[in-house]
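Peer 1: output the structure for:
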Amino acid sequence: MCKVDTIHEGSAPVSKEVSRTIPPWPGPVTNNFHKGLSIDGSPQRGYSCVSTATKDSWERLFDEGYRADVSVNTDDGGIIYAHANILGMASPAMKGLLKQSSRFHRQRSISILGVPHDAVRVFIRFLYSSCYEKKEMEEFVVHLLVLSHVYMVPQLKQECEKKLEHGLLTTENVVDIFQLALLCDAPRLSLICHRMILKNFKTVCTTTGWKVMKKSHPALEKELVESMIEEDNRQKERIKKVNERKIYLLLYEAMEALVHIYKDGCQTIGPSDKDFEENQAPCKYVACKGLELLVRHFAGCKLRVPGGCIHCKRMWQLLELHSRLCANSHTCRVPLCRNFKERIKKQSKKDEIRWKMLVKKILRTKRIAGAPFISSAKVSSLWQ
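Peer 2: Predicted structure coming up:
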């Protein structure tokens with residue numbers, strides 16, 4: 001009998017953490033398909049040197065049933081004739097079944113029920129020659145996957161998984177295939193199905209397969225919904241981190257532009273000892289344009305005390321951030337750099353921790369150890 005109709009809770013749990021890497025196919029990999037040799041010249045076990053004529057002979061042996069000693073009973077009274085030695089060598093499960101089978105005039109009889117007659121025929125033929133027709137695989141891939149698992153034929157099982165992975169898996173059948181993959185101990189296929197379900201969750205939820213699973217296996221449906229919620233939360237967290245990195249990168253670029261303006265000068269703004277040329281090349285610092293307006297406002301604002309003007313408050317914060325990043329405030333030309341160094345010592349522990357975390361995140365984002373205004377020693381001290 002070939003019946004698989006129960007998903008045992010706990011035997012094959014749904015992984016809520018979606019792995020980034022799909023596990024590779026098991027078995028040896030042939031590096032030289034023409035000679036069947038590995039790189040060092042030794043024979044490869046995964047290489048097959050069986051000719052097409054030999055495979056055709058094995059298929060003729062099955063089709064003609066020459067000296068067949070096994071009759072395989074299928075649904076609707078169908079019978080397939082085969083050879084016990086071949087079935088036993090190709091399938092350990094089949095070997096055990098043949099030992100227990102009844103014998104009548106040297107003819108053994110076994111039954112494979114629950115799947116179409118043609119699917120059983122394709123399965124038995126594969127045991128002879130490891131071959132199958134493309135149309136037959138597309139039509140009976142689900143039944144062949146079950147048969148390959150029940151009768152322990154890993155080669156056919158792998159072929160079924162490959163065909164499903166590369167074209168036969170759709171949003172309509174993915175729920176059914178996912179349940180089957182859990183039952184048939186196919187981790188790679190179950191992971192691929194799981195990913196497809198999460199990627200197309202809204203569409204999959206409307207399919208017949210999902211509705212049937214919801215009624216027959218509510219625990220599995222609940223795990224998939226929880227998995228989707230966790231994946232959605234992880235996606236939101238990833239977006240949040242990406243946006244944070246963008247902010248930290250902008251802050252670093254602002255620090256670069258600030259040093260550039262007060263050290264070298266930019267366009268029409270800079271130190272008093274800087275002579276500006278009329279036709280200057282465009283500035284390479286993107287942040288300079290906005291920062292130039294902020295510096296000019298800060299220089300002329302009458303309410304530039306901290307808390308008096310929102311624009312000046314932002315400038316005070318940029319100056320303090322620079323001071324915390326600056327490696328040498330004694331030679332730095334950015335205003336108030338040394339003053340902020342002294343002010344930092346008097347800050348509360350809470351403010352100190354908050355600023356230190358900000359500096360760490362900026363450094364982690366840009367990896368700026370050895371930058372022009374930040375020494376490697378300064379970066380190391382920040383991480384202590």
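Peer 1: flag every buried residue along stretch 205-222.
Peer 2: Neighbour-count burial for stretch 205-222 flags 205, 207, 209-210, 213-214, 217, 220-221 (criterion: 16 or more other C-beta atoms under 10 Å). Placement of C-beta: from N, CA and C, glycine included.
Peer 1: turn those residues into CSV, columns for distance to Thr365, pLDDT and secondary structure.
Peer 2: CSV is the format used below for the buried residues of stretch 205-222 (distance: C-beta to C-beta, whole Å; pLDDT from 0 to 100; DSSP: H, G, I helix; E, B strand; the rest coil):
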residue, distance to Thr365, pLDDT, secondary structure
Cys205, 38, 94, coil
Thr207, 42, 95, coil
Gly209, 44, 94, helix
Trp210, 41, 95, helix
Met213, 43, 94, helix
Lys214, 44, 94, helix
His217, 45, 93, coil
Leu220, 41, 94, helix
Glu221, 40, 93, helix
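Peer 1: nearest to Met137 among those residues?
Peer 2: Using C-beta to C-beta, Gly209 is the member of the buried residues of stretch 205-222 that lies nearest Met137, at 20.7 Å.
Peer 1: which residue is the nearest non-sequential neighbour of the closest one?
Peer 2: Val175 (3.6 Å; C-beta to C-beta, 6 or more residues apart in numbering).
Peer 1: how close does the one you found get to Thr203?
Peer 2: Val175 sits 11 Å away from Thr203, going by C-beta to C-beta, to the nearest Å.
Peer 1: the two: which is more packed in?
Peer 2: Val175 (26 against 14; other C-beta atoms under 10 Å).
Peer 1: for whichever helix or strand that one is part of, what is the distance to the chain centroid?
Peer 2: Secondary structure assigned from DSSP states H and E places Val175 in helix 174-183. Averaged C-alpha coordinates place helix 174-183 at 19 Å from its chain's average position (C-alpha atoms, centre = their mean, to the nearest Å).
Peer 1: now name the helix or strand holding Ile80.
Peer 2: strand 79-82.
Peer 1: for that strand, which strands pair with it and how are they oriented?
Peer 2: strand 70-73 (antiparallel) (DSSP bridges).
Peer 1: what mean pLDDT does the partner strand get?
Peer 2: The average pLDDT for strand 70-73 rounds to 93.
Peer 1: which other residues reach that strand?
Peer 2: When contacts are defined by C-beta atoms under 8 Å, 6 or more residues apart in numbering, strand 70-73 is touched by residues 79-84, 87, 98, 101, 107-113, 120, 124.
Peer 1: the residues you listed in strands, which ones?
Peer 2: Counting by DSSP state E, the part of those found in strands is 79-82, 107-111.
Peer 1: make a PyMOL selection of the buried ones in these.
Peer 2: Remark: buried members of the ones in strands among the contacts of strand 70-73, expressed as a PyMOL selection using 16+ other C-beta under 10 Å:
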select buried, resi 80+81+82+108+110
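Peer 1: and the ones in strands among the contacts of strand 70-73 as JSON lines, adding distance to Ala181?
Peer 2: Output for the ones in strands among the contacts of strand 70-73, formatted as JSON lines (distance: C-beta to C-beta, whole Å):
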{"residue": "Ile79", "distance to Ala181": "31"}
{"residue": "Ile80", "distance to Ala181": "27"}
{"residue": "Tyr81", "distance to Ala181": "32"}
{"residue": "Ala82", "distance to Ala181": "28"}
{"residue": "Gln107", "distance to Ala181": "37"}
{"residue": "Arg108", "distance to Ala181": "32"}
{"residue": "Ser109", "distance to Ala181": "32"}
{"residue": "Ile110", "distance to Ala181": "27"}
{"residue": "Ser111", "distance to Ala181": "26"}
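Peer 1: name the nearest of the ones in strands among the contacts of strand 70-73 relative to Leu180.
Peer 2: Ser111 (21.8 Å).
Peer 1: any idea how far that closest one lies from Thr74?
Peer 2: Distance from Ser111 to Thr74, by C-beta to C-beta: 8 Å.
Peer 1: just Gln158 next, same as before
Peer 2: Distance from Gln158 to Thr74, by C-beta to C-beta: 24 Å.
Peer 1: for those two, indicate the residue with more neighbours.
Peer 2: Thr74 (21 against 17).
Peer 1: contacting residues for the residue lying closest to the more buried one once chain neighbours are set aside?
Peer 2: With C-beta to C-beta, 6+ apart as the criterion, Thr74 has its nearest non-adjacent residue at 4.3 Å, and that residue is His117. Applying C-beta under 8 Å, 6+ apart to His117 gives the contacts 74-76, 78, 80.
Peer 1: let's go with 10 Å and repeat that
Peer 2: For His117, the contact set (C-beta atoms under 10 Å, 6 or more residues apart in numbering) comprises 72-80.
Peer 1: compile the residues you listed into CSV and extend it with columns for distance to Asp56.
Peer 2: Shown next, in CSV, are those (distance: C-beta to C-beta, whole Å):
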residue, distance to Asp56
Val72, 22
Asn73, 27
Thr74, 25
Asp75, 29
Asp76, 29
Gly77, 30
Gly78, 25
Ile79, 24
Ile80, 19
